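J.: Coordinates only, no sequence provided:
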């Protein structure tokens, strides 16, 4: 069985590299996460969909678990 996660698990995602000259898919994932500029951070729910977007453009991001 899958492990159960905490009910209010959040992730703090920060954009650390520029999205210039990146693929269209990676730019859309960054936009979908709500990130706009280098150094911008957002708190988002930890869901499989969000994890997929983070994995797609992981080399541009910094991710921390926030409780």
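T.: Happy to help now that I have it. As the structure is a prediction and not an experimental result, all values here were calculated from the model.

J.: Quick check: phi and psi on the closest residue to residue 42 other than its chain neighbours?
T.: In space, and not counting its chain neighbours, residue 42 is closest to residue 34: 4.7 Å by C-beta to C-beta, 6 or more residues apart in numbering. Every C-beta, even on glycine, is put in place using the N, C-alpha and C of the backbone. Main-chain dihedrals, residue 34, degrees, to the nearest 10: phi 90, psi 20.

J.: So residue 34 is in contact with residue 41, correct?
T.: No. Taking C-beta atoms under 8 Å as the definition, residue 34 is not a contact partner of residue 41, at 9.8 Å.

J.: Could you report the pLDDT at the residue nearest to residue 42?
T.: On pLDDT, residue 34 comes in at 97.

J.: Can you give me the neighbour number for it?
T.: 13 (other C-beta atoms under 10 Å).

J.: And the most centrally placed residue in the chain, how far from residue 7?
T.: Taking C-alpha atoms, centre = their mean, the centroid of the chain lies closest to residue 54, which sits 4.1 Å from it. Distance, residue 54 to residue 7, using C-beta to C-beta, to the nearest Å: 20 Å.

J.: what's the helix or strand that contains residue 30 packed up against?
T.: According to DSSP states H and E, residue 30 maps onto helix 24-32. Packing partners of helix 24-32 (3 or more C-beta pairs under 8 Å, 6 or more residues apart in numbering; DSSP states H and E): helix 48-56.
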